[in-house]
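> no sequence on hand, only this structure:
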Ligand code: KG4
Ligand code: ZN
């Protein structure tokens with residue numbers, strides 16, 4: 001494991017600086033964010049290589065790796081942010097949930113210790129709202145993206161969650177729909193494993209689908225009537241049946257892997273895009289926000305952009321490295337919570353099943 005995906009612009013601007021820590025899953029991440037929008041440092045140490053042999057995250061291993069990497073990652077972020085920014089930190093934002101209990105606790109305890117040592121408040125942040133607020137982020141020295149206008153409809157698609165929410169204003173969430181079984185990212189990971197592709201399955205399926213020669217296969221879509229909920233388990237079962245048939249015939253060949261990867265991605269993207277656009281239309285949204293690891297998928301981004309443009313609704317999507325887990329997004333949401341006066345005491349604990357909205 002090594003620190004990757006970083007950006008740094010030492011000491012820009014006179015705004016409020018928040019230090020953010022994210023350890024909910026398999027990335028040890030620390031960021032320094034100014035005014036909830038400008039990234040001054042963003043360091044992510046990924047455990048993907050460590051968990052790849054088992055094809056999924058091993059919770060005990062993840063927590064131990066966070067412990068091992070948190071100090072070097074904080075030091076790296078401090079160097080990137082520079083002394084001027086580091087001394088201006090006004091609060092420590094940290095992911096309190098949802099996620100793996102042991103992993104969350106590493107970040108929470110480091111946040112508490114740092115805050116205590118420097119006399120700063122600890123601001124707890126929901127990981128899922130972090131994914132949404134990634135859309136507001138830009139690099140310290142570059143022009144910021146257009147700030148989304150409310151009301152918004154937001155789609156969060158990650159390894160553990162698939163949610164469609166309405167945001168009437170900042171930090172306000174109304175749940176429109178969610179998955180009734182697998183999360184979209186989880187389905188990508190499981191089908192990737194079925195096809196013998198490397199972990200995580202999402203990027204591997206996207207790459208395999210890109211070279212598909214055969215694009216005629218149509219897999220089932222679960223529309224669930226006019227609800228905004230999602231279901232991916234039937235699609236996964238259909239994919240498994242096809243792979244089993246191919247196996248009986250000595251396959252799947254690389255061409256068949258590409259064909260199924262394409263058909264699977266096409267089905268997931270079709271449902272996600274159709275429901276998100278319909279929600280935006282019905283709710284009179286002035287913008288659509290896309291976030292979470294699966295939002296790094298280029299086909300999803302392109303099709304949603306196409307549909308949103310046709311409706312005349314602006315689409316806000318973070319760049320790919322801000323879609324997957326990072327701490328800058330926790331700093332973005334943490335900044336708003338800090339402004340609203342939210343802070344936690346020493347009793348702050350991990351909340352593995354924390355919901356975004358009821
Ligand atoms: O948000 P995230 O980094 O972690 C969680 O909070 O779960 O999301 C990870 C998920 C994994 O399931 C991964 O396969 C998926 O995001 N993912 C993708 C792509 N990149 C990551 N799925 C589809 N296409 C991608 N390019
Ligand atoms: Zn995530």
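Yep, it's here. Everything quoted here is computed from the prediction, not taken from an experiment. Residues are numbered from 1 along each chain as shown. Ligands and ions are numbered 1, 2, ... in the order given.
> residue of the stretch 201-350 of the chain closest to ligand 2, please.
Relative to ligand 2, the nearest point of the stretch 201-350 of the chain is residue 325 (4.4 Å; Cβ to the ion). Heads up, the C-betas are built off the backbone N, CA and C, glycines and all.
> checking my notes, that residue in a strand, right?
No - the assignment for residue 325 (DSSP: H, G, I helix; E, B strand; the rest coil) gives coil, which keeps it out of a strand.
> residue contacts, the nearest residue to it once chain neighbours are set aside?
Nearest non-adjacent residue to residue 325, counting by Cβ to Cβ, 6 or more residues apart in numbering: residue 27, 4.3 Å away. Residue 27 makes contacts with 44, 45, 46, 47, 324, 325, 326, as judged by Cβ atoms under 8 Å, 6 or more residues apart in numbering.
> so the first one, which state does it fall into?
Read it as residue 44. Using three-state DSSP, the structure places residue 44 in strand.
> hang on, it packs against residue 29?
Yes - Residue 44 lies in contact with residue 29 (Cβ atoms under 8 Å); the separation is 4.5 Å.
> for the stretch 201-350 of the chain, which residues are neighbours of ligand 1?
By Cβ under 6 Å from any ligand atom, the part of the stretch 201-350 of the chain that sits against ligand 1 consists of 201, 202, 203, 206, 292, 293, 294, 296, 297, 324, 325.
> just among these, which is most surrounded?
Using other Cβ atoms under 10 Å as the neighbour test, these are led by residue 292, with 30 neighbours.
> and whichever residue of the stretch 151-300 of the chain sits closest to ligand 2, how close does it get to residue 271?
Nearest to ligand 2, among the residues of the stretch 151-300 of the chain, is residue 158, at 4.2 Å (Cβ to the ion). Distance from residue 158 to residue 271, counting by Cβ to Cβ, to the nearest Å: 16 Å.
> more neighbours, these two?
Using other Cβ under 10 Å as the criterion, residue 158 and residue 271 rank with residue 158 on top: 25 against 20.
> and stretch 132-152, end to end?
Terminal residues of stretch 132-152 lie 11 Å apart, using Cα to Cα, to the nearest Å.
> list phi and psi for the nearest residue in space to residue 177 that is not next to it in sequence.
Spatial nearest neighbour of residue 177, excluding adjacent residues (Cβ to Cβ, 6+ apart): residue 228 at 2.8 Å. Recorded main-chain torsions at residue 228 are phi -100, psi 10, according to degrees, to the nearest 10.
> check contacts around residue 228.
Counting by Cβ under 8 Å, 6+ apart, residue 228 touches 164, 176, 177, 275, 278, 279.
> so for it, what's the pLDDT?
Note on residue 228: pLDDT of 98.
> try residue 12
42.
> do the same with residue 59
With respect to pLDDT, residue 59 has a value of 88.
> tell me how many other residues crowd it.
That count, for residue 59 with other Cβ under 10 Å as the rule, works out to 15.
> before we move on, what about residue 314?
16.
> can you tell me which residues contact the residue nearest to it when sequence neighbours are not counted?
Among residues not flanking residue 314 along the chain, residue 287 sits closest, at 4.9 Å (Cβ to Cβ, 6+ apart). Contact analysis of residue 287 by Cβ under 8 Å, 6+ apart lists 148, 149, 150, 152, 153, 313, 314, 315, 316.
> what's opposite residue 287 in the beta bridge?
Under DSSP bridges, the beta-bridge partners of residue 287 are residue 152.
> residue 275 versus that one, what's the distance?
17 Å.
> can you show me the strands along the stretch 251-358 of the chain?
287-291, 315-316 (DSSP state E, counting those that start in this stretch).
> mean confidence for the last one?
So that's strand 315-316. The average of the pLDDT scores along strand 315-316 is 98.
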